[in-house]
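Participant: Dropping a prediction and its sequence here:
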Amino acid sequence: MTPGVRRTILAAVTMGIALTIVALVLAPGAGDPLRAAGSRPDRSPESQPSAVPVVPPAPGATISADVVVYGATPSGILAAVSAARLGASVVLATPDAQVGGMMSSGLGHADVGRPGLIGGLTRDVFDRLARAEGQTGVIRTFGWNYEPHVAAAVFDELLKDAHVSVYLNMGLDRTRPPELQGDRIVDIAMTNGTRLRGMVFVDATYEGDLMAAAGVPYAIGREGQAAYGESLAGVRVNLATPPSTLVSGIDRAGNPLPGVDRITVVNGSSDDLVQSATFRLCVTDDPLNRLAFARPADYDPASYALVGRAIAKARDQAGAALKLTSILSFARLPERKFDLNSLGLYSTNLLGGASGCAAANDAGRQVIWEQHRTWEAGLLWYLAKDPAVPAMLRRQMAPWGLCADEFRSTGGWPPDLYIREARRMVGDVVLTQRDVQTDITKPDPIAVGTYRIDAHPVRRILGSDGLVREDGQLSGTTAPYQIPYAATVPPAGSVDNLLVSVTISASHVAWSSIRVEPTLMEIGEAAGVAAAVAAREGVGVRDVGYEVIRAVLLARGGILSVPPAGAPPAIVPLRLHSVPVAGGSSTALTRSRAAGSRR
């Protein structure tokens, strides 16, 4: 049978399949087994995920399922739950010790653009989080805020209700390629010797590890402007900042200080650099739940010379109005907790530190993890204790510490490094700047993106004048835009039973908008639908009828259409801080609040 005949037959039965699956979704007792409104999952940070199989697999065992999802990120969890709710047997494996990805590892403030355009299982997750936190509904602010351990409990509850088999501490053995038969993955080898066999696979990792292992083409870094005709692409050294607000980046001998690069670059050119990474710490000023910031064993105050100079510059401009919230971003969470994030060029991001993460082996990634922890823990100690820091800032820092009731096994420090960008698949359809700003409708939408273009700097550049400038920060508006199913599918000639729900086919610029968790969760739900249908019908992911995916997503309350022209703007006014900032003025440490990088 030729591919054309096959597709014709599939198209002929597509609507019948769609009606059958929608009937399954809407059948009594099926679909969304929500617990009673107002019920609260086990909030104990020490509660163990009950979805994990009671008996670990024997060494060398092969575990089979209709759908294998690798990566227990929020996107991966929704892919697994989505497929399981359509009757597929599902295995979810993760190298982590808990489920939830960054949402259960410190990112308690999930950014969205327009909450009203979030639907389906993603809306269900945030409704559950709101109920678990004792709210009456989703918090209608710029972000939806929750405690990390509550997110883990909510995700675990979802997986348990859907009967997904979850395997923690089970990483992909990246030294052994997947077993292939033609254009299909048969099984994948895990680091504990187990093999996972499936009819369809979903890569839901932040790094795109499974797609890379399967030979799917991908990109790392920034495309040049010529690649896709993007005005925001490539190297982006900020030359517009007034020199009077910049910091000197050289020592007395004329050498660059730690953390700044003396290099000649061309704006708009390509490179292999990615957005900077950080840990999203869960902090508190509650003395009954506070762990004091500790001095790292390898603390070196010289590493923070640039930060000290930036503080001095800010103090000269702000005087007595200098605030800690001009260096660190605090987003308020329940229970007197805060999500601590990087703010500006001299903060918790370790610029340049994450660029080798995707290609690194497991040991190399551990080194990168340690480097970021050393930087961030040292910065917090520096701000709290170093006499070079003005006393007014040290006093403001004194009440803060890690939350004692979060991440107890690691002393309050989250287990996962926040990798904002790694690999990006290069499929037959690549989303670019135009697709998030002007070319916003697609023939096969599975989600609607609304978050702004927001990329964190990749490095600091030393100018010929000896002053430090940032490279890589992007901040731009978007229109609500449709994300197509085609962006989750590997290109023709690659494997045909793999879907990618996180590192989808997109340019660096487009990814800077797509990358937020609610959007990736919606993509994950759609990938789960497609995977279940492909497994059930015995077809490749390219042969799944879009009408089937659409019908199921709409039946679940998904939102696939962009609002008409003239509707309220996609970009919700940015509120960087839940902690009031006295005076409200920017300093050399911050950029304009309207353009500031929040996530």
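Facilitator: Alright, I've got the coordinates.

Participant: quick one: buried residues of the helix or strand hosting residue 124?
Facilitator: Per DSSP states H and E: residue 124 is located in helix 120-132. Residues of helix 120-132 classed as buried: 120-132 (neighbour count, 16 or more other Cβ atoms under 10 Å). The C-beta positions use only the backbone N, C-alpha and C, and glycine is treated the same way.

Participant: Likewise for stretch 384-396?
Facilitator: Across stretch 384-396, burial judged by 16+ other Cβ under 10 Å covers 384-386, 389, 393-394, 396.

Participant: tell me the two of those that are most distant?
Facilitator: 386 and 396 (14.0 Å; Cβ to Cβ).

Participant: follow-up on the earlier one: so which of the buried residues of stretch 384-396 sit within helices?
Facilitator: Applying DSSP state H to these, the entries found in helices are 384-385, 393-394, 396.

Participant: where do the strands sit along the stretch 251-400 of the chain?
Facilitator: In the stretch 251-400 of the chain, the segments counted as strands under DSSP state E, counting those that start in this stretch are 281-284, 290-292, 328-333, 337-342.

Participant: Could you list the low-pLDDT ranges of the stretch 201-350 of the chain?
Facilitator: Along the stretch 201-350 of the chain, the model assigns pLDDT under 70 to no residue.

Participant: and what of the stretch 451-599 of the chain?
Facilitator: 565-599.

Participant: Please repeat the previous calculation with a cut-off of 80.
Facilitator: In the predicted model of the stretch 451-599 of the chain, residues 564-599 satisfy pLDDT under 80.

Participant: Looks like residue 117 contacts residue 450 (just checking).
Facilitator: Yes - at 5.3 Å, residue 117 counts as touching residue 450 under the criterion of Cβ atoms under 8 Å.

Participant: Which of the two has more residues huddled nearby?
Facilitator: Comparing residue 117 with residue 450 by other Cβ atoms under 10 Å, the one with more neighbours is residue 450, at 27 against 23.

Participant: Residue 107 sits in which helix or strand?
Facilitator: Going by DSSP H and E, residue 107 is not in any helix or strand.

Participant: That one is in contact with residue 278, isn't it?
Facilitator: No - between residue 107 and residue 278 there is no contact, the gap being 10.2 Å when judged by Cβ under 8 Å.

Participant: Looking at these two, which has the bigger crowd around it?
Facilitator: Using other Cβ under 10 Å, the more surrounded residue of residue 107 and residue 278 is residue 107, with 28 against 24.

Participant: From the buried residues of stretch 384-396, pick the one nearest residue 64.
Facilitator: For these, the nearest to residue 64 is residue 384 (52.1 Å; Cβ to Cβ).

Participant: ok, the closest one - contacts?
Facilitator: 293, 394, 397-398, 400 (Cβ atoms under 8 Å, 6 or more residues apart in numbering).

Participant: Mind checking which of those are buried?
Facilitator: 293, 394, 397, 400.

Participant: and which of those residues is nearest residue 85?
Facilitator: Taking Cβ to Cβ as the measure, residue 85 lies nearest residue 400 of the buried ones among the contacts of residue 384, at 41.8 Å.

Participant: For this structure, which segments are assigned as helices?
Facilitator: So, for the chain - with DSSP H - the helices run 3-26, 74-84, 120-132, 148-161, 209-213, 225-228, 305-318, 362-385, 391-397, 433-437, 508-514, 517-537, 546-555.

Participant: so what does the second one touch, helix or strand wise?
Facilitator: So that's helix 74-84. Counting by 3 or more Cβ pairs under 8 Å, 6 or more residues apart in numbering; DSSP states H and E, the packing neighbours recorded for helix 74-84 are strand 62-70, strand 90-93, helix 120-132, helix 148-161, strand 195-203, helix 517-537.

Participant: ok and the longest one relative to helix 120-132, angle-wise?
Facilitator: Translated: helix 517-537. 130 degrees (axes from the mean of the first three to the mean of the last three Cα atoms, to 10 degrees).

Participant: How about the fourth one?
Facilitator: Inter-element angle recorded for helix 148-161 and helix 120-132: 130 degrees (by the same axes, to 10 degrees).

Participant: For helix 148-161, output the C-alpha coordinates as PDB.
Facilitator: Taking C-alpha atoms only, helix 148-161 is exported to PDB below (Å, rounded to 0.1, in the frame of the first residue of the first chain):
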ATOM      1  CA  PRO A 148       6.600  23.400  45.200                       C
ATOM      2  CA  HIS A 149       5.700  20.500  47.400                       C
ATOM      3  CA  VAL A 150       2.000  21.100  46.700                       C
ATOM      4  CA  ALA A 151       2.700  21.000  42.900                       C
ATOM      5  CA  ALA A 152       4.400  17.600  43.400                       C
ATOM      6  CA  ALA A 153       1.400  16.300  45.300                       C
ATOM      7  CA  VAL A 154      -1.100  17.500  42.700                       C
ATOM      8  CA  PHE A 155       0.900  16.000  39.900                       C
ATOM      9  CA  ASP A 156       1.200  12.700  41.800                       C
ATOM     10  CA  GLU A 157      -2.500  12.700  42.300                       C
ATOM     11  CA  LEU A 158      -3.100  13.200  38.600                       C
ATOM     12  CA  LEU A 159      -0.800  10.300  37.700                       C
ATOM     13  CA  LYS A 160      -2.300   8.000  40.300                       C
ATOM     14  CA  ASP A 161      -5.800   8.700  39.200                       C
END
